[in-house]
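Participant: predicted model and sequence below, questions to follow.
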Amino acid sequence: MQNEKIPVAVLGATGSVGQKFIELLSNHPWFEISELAASERSAGKKYKDATNWIMQTPLDNKYGNMIVNECKPNLSSKLVFSAMDAEFAGAIEEDFAKAGYIVVSNAKNHRFDKDVPLVIPEVNHEHLELIKKQKFGKGAIITNPNCSTIGLTLALKPLQDKFGLESVNVVTLQAISGGGYPGISSMDIIDNVIPFIGGEEPKMESEPLKILGTVEGNEIKNTSINISAQCNRVGVIDGHLECVQVKLKTKAGREEIIKAFEEFKSLPQELNLPYAPKKPIYYFEEDRFPQPKIQRNLEKGMAVSVGRLRECNLFDYKFVVLSHNTVRGAAGGTILIAELLKEKGFLEGIV
Ligand code: NAP
């Protein structure tokens with residue numbers, strides 16, 4: 001039937017990102033959650049008993065009463081969203097893909113596989129073509145980048161397109177929810193900043209190079225930008241703030257840069273995809289913006305907020321970027337990838 005929704009499963013449904021998937025998909029016009037899965041600790045329990053629900057919208061009984069499955073490729077939904085702990089996600093996602101499932105993942109494990117696209121729909125939707133070259137037959141793996149990489153790269157994309165980028169320095173102030181649930185202990189984060197997030201800096205220094213790269217034959221040729229990142233955990237629940245400095249290849253005025261941010265649009269906006277923000281980047285002139293508490297939910301958490309653009313004594317310009325780490329940086333970004341897969345015809349004959 002034409003109006004029937006596509007059944008989907010969430011792997012790692014009990015965690016911080018898994019819960020966000022359930023919240024965001026509950027009224028989705030195209031996708032309907034039909035199965036939830038997590039570790040064997042949760043499997044066999046009702047979802048409401050297996051998870052500690054921390055979303056702001058109440059848990060719908062429709063999901064609360066579902067029995068949690070193990071993350072094994074015996075599910076009936078052929079489109080699966082993965083929010084599994086990275087320690088286990090790699091092998092499980094591959095088992096699903098080999099069994100003919102389309103896996104759209106938040107985990108880091110396959111991000112640098114040569115035939116696996118690492119996608120921000122507004123930035124590199126054309127990289128999805130790579131999945132035709134994957135070794136999984138009907139199945140496929142598509143990855144969503146690291147949460148802080150997504151905010152940064154969305155803001156860099158219009159600058160790279162219009163002026164070219166030579167070097168980028170970024171210092172992050174990242175939210176607690178980025179570390180999963182229950183995350184860092186309150187004794188460690190209240191009244192404190194932790195100047196280290198394991199594995200985060202190498203991700204931020206490498207992922208944008210693949211995302212901003214070009215498809216050449218069966219793989220992506222990385223772009224060459226020098227990127228340096230320093231990552232800090234701060235006492236904010238949701239929303240990663242990033243202080244960015246950029247050196248451009250060609251000279252640009254402040255107004256031209258703001259125009260590039262404000263006018264940036266891409267295929268998800270043209271296709272009017274359900275989870276696409278109308279405007280991916282908002283520029284704020286107020287010196288006190290962007291702030292996590294105030295702007296993180298802009299356009300349902302899918303828009304990136306930029307502010308404080310000014311000249312820099314070391315680089316050309318500096319500015320501040322804010323993005324919602326579990327929405328744009330995880331579940332929401334992944335849903336947008338799945339919408340694009342559907343619109344580009346990649347789900348035909350599979351789901
Ligand atoms: P989390 O809160 O720790 O949740 C982890 C999930 O993985 C839980 O559902 C857990 O189920 C499941 N799991 C654990 N061991 C498993 C196993 N052996 N087999 C199958 N499932 C298992 O983590 P999270 O923050 O939601 O992150 C999920 C993934 O997304 C991670 O790979 C993370 O790096 C990535 N990510 C997170 C963010 C963010 O902002 N939080 C952003 C981007 C990407 P049980 O409850 O049964 O243990």
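Facilitator: Great, that's in hand. Residues are numbered from 1 along each chain as shown.
Participant: now the lengthiest helix in the chain: buried residues?
Facilitator: Ranked by residue count and defined by DSSP state H, the top helix of the chain is helix 147-162. Applying a neighbour-count criterion of 16 or more other CB atoms under 10 Å, one finds 147-160, 162 buried in helix 147-162. All C-beta spots, glycine's among them, are computed from the backbone N, C-alpha and C.
Participant: with stretch 341-351 instead?
Facilitator: Quick answer for stretch 341-351 (16+ other CB under 10 Å): Leu341, Lys342, Glu343, Phe346, Leu347, Val351.
Participant: give me the residues contacting that stretch.
Facilitator: 6-7, 30, 77-79, 100, 102, 104, 125, 128, 131, 138, 140, 142, 271, 273 (CB atoms under 8 Å, 6 or more residues apart in numbering).
Participant: can you select the buried ones among these for me in ChimeraX?
Facilitator: Those of these that count as buried under 16+ other CB under 10 Å are selected in ChimeraX with:
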select :6,7,30,77,78,79,102,104,125,128,131,140,142,273
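Participant: show me the contacts of stretch 341-351 that map onto helices.
Facilitator: The members of the contacts of stretch 341-351 all map outside helices under DSSP H.
Participant: follow-up on the earlier one: which of the buried residues of stretch 341-351 fall in helices?
Facilitator: Per DSSP H, the buried residues of stretch 341-351 map to helices at Leu341, Lys342, Glu343.
Participant: can you name the residue of the stretch 151-300 of the chain nearest the ligand?
Facilitator: Of all residues in the stretch 151-300 of the chain, Gly180 sits closest to the ligand, at 3.0 Å by CB to the nearest ligand atom.
Participant: nearest spatial neighbour of Pro208, chain-adjacent residues omitted?
Facilitator: Spatial nearest neighbour of Pro208, chain neighbours left out: Thr153 (4.6 Å); criterion: CB to CB, 6 or more residues apart in numbering.
Participant: where does this structure have low pLDDT?
Facilitator: Where the chain drops to pLDDT under 70, the residues are 1-3.
Participant: can I see the domain layout of it?
Facilitator: 2-146+331-343, 147-324 (automatic domain parsing).
Participant: any idea which of these is most buried?
Facilitator: domain 2-146+331-343 (a mean of 20; mean count of other CB atoms under 10 Å).
Participant: which of the buried residues of helix 147-162 are close to the ligand?
Facilitator: Cys147 (CB under 6 Å from any ligand atom).
Participant: widest-spaced pair of the buried residues of helix 147-162?
Facilitator: Cys147 and Lys162 (25.4 Å; CB to CB).
Participant: so which residues of the stretch 201-350 of the chain form strands?
Facilitator: Assigned by DSSP state E, counting those that start in this stretch, the stretch 201-350 of the chain shows strands spanning 214-216, 219-221, 226-233, 240-248, 281-284, 304-311, 317-323.
Participant: would TSV of the ones you listed with distance to the ligand be doable?
Facilitator: Output for these, formatted as TSV (distance: least, CB to the nearest ligand atom, whole Å):
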stretch	distance to the ligand
strand 214-216	24
strand 219-221	20
strand 226-233	12
strand 240-248	8
strand 281-284	20
strand 304-311	15
strand 317-323	10
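Participant: related to what we said a few turns ago, for the residue nearest to Pro208, what are its contacts?
Facilitator: By CB under 8 Å, 6+ apart, Thr153 lies in contact with Ile120, Val123, Pro145, Glu207, Pro208, Ile211, Leu212.
Participant: quick one: contacts for the residue in the stretch 1-150 of the chain positioned nearest to the ligand?
Facilitator: At 1.9 Å from the ligand, Gly15 is the closest residue in the stretch 1-150 of the chain, using CB to the nearest ligand atom. If you count contacts by CB under 8 Å, 6+ apart, Gly15 has them with Ala38, Ala83, Met84, Asp85, Gly180, Tyr181.
Participant: run the last query once more with 10 Å
Facilitator: 21, 38-39, 42, 51-52, 83-85, 106, 180-181, 326 (CB atoms under 10 Å, 6 or more residues apart in numbering).
Participant: those in strands, which ones?
Facilitator: Ala38 (DSSP state E).
Participant: kindly report the residues of the stretch 51-200 of the chain close to the ligand.
Facilitator: Checking the stretch 51-200 of the chain against the ligand by CB under 6 Å from any ligand atom, the hits are 71, 83-86, 88-89, 106-108, 147, 177-178, 180-181.
Participant: same deal with the stretch 251-351 of the chain?
Facilitator: So the stretch 251-351 of the chain meets the ligand at Asn325, Thr326, Gly329, Ala330 (CB under 6 Å from any ligand atom).
Participant: can you report phi and psi for the second one?
Facilitator: In terms of degrees, to the nearest 10, the main-chain angles of Thr326 are phi -90, psi -10.
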